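In: next comes the sequence, and after it the predicted model I'd like to discuss.
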Amino acid sequence: MTQIHITMSGSPGAEFSAEWRITHNGETVEHPETHGTVPAEFTFEGDTLEGTVKLLSDDERLEVDIVKGTNRSRSSTQGKGGTLTVIVR
């Protein structure tokens with residue numbers, strides 16, 4: 001199994017919700033984060049990560065950095081309702 005590390009940064013105190021789906025050997029487990037605050041970090045073990053992150057704060061910026069092995073994915077959004085969809089294999 002491979003470690004998948006997620007770092008949430010941007011405007012300190014920005015609020016977000018996230019839905020993480022981790023797949024390993026064909027089995028998917030969901031990890032909801034209904035109300036998170038920047039900064040935040042998550043670490044999962046698995047083959048694939050799919051996630052949807054929504055910014056809940058006005059006039060804030062949210063950056064999502066995901067590392068799996070040597071692969072890195074970076075995404076950002078700004079403003080309330082901004083939504084990111086990420087997939088890391």
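Out: Arrived safely, thanks for sending. All values derive from a computational prediction rather than experimental measurement.

In: check contacts around the closest residue to Lys68 other than its chain neighbours.
Out: Spatially, and ignoring its direct neighbours in sequence, Lys68 is nearest to Ile4 (4.6 Å; CB to CB, 6 or more residues apart in numbering). C-beta here means a position set from N, CA and C on the backbone, and glycine is covered the same way. By CB atoms under 8 Å, 6 or more residues apart in numbering, the residues touching Ile4 are 22, 43-46, 49, 66-68, 88.

In: next one: Thr2
Out: Applying CB under 8 Å, 6+ apart, the residues near Thr2 are 45-47, 68-69.

In: give me the low-pLDDT residue ranges for the chain?
Out: By pLDDT under 70, the chain has no low-scoring segment.

In: the same query, at a cut-off of 80, please.
Out: The model of the chain has pLDDT under 80 over residues 1.

In: now do the helices in it.
Out: Read by DSSP state H, the chain holds no helices at all.

In: bridging residues for the nearest residue to Gly82 once chain neighbours are set aside?
Out: Distances taken as CB to CB, 6+ apart place Leu55 nearest to Gly82, at 4.3 Å, with adjacent residues excluded. Note on Leu55: beta-bridge partners Phe16, judged by DSSP bridges.

In: how near is Leu55 to Thr2?
Out: Distance of Leu55 to Thr2, given as CB to CB, to the nearest Å: 28 Å.

In: ok, Glu33 next?
Out: From Glu33 to Thr2 the distance is 21 Å (CB to CB).

In: please apply the same query to Gly51.
Out: Gly51 is 16 Å from Thr2, by CB to CB.

In: check Phe42 too.
Out: From Phe42 to Thr2 the distance is 15 Å (CB to CB).

In: equivalent analysis for Trp20, please.
Out: The gap separating Trp20 from Thr2 is 15 Å, by CB to CB.
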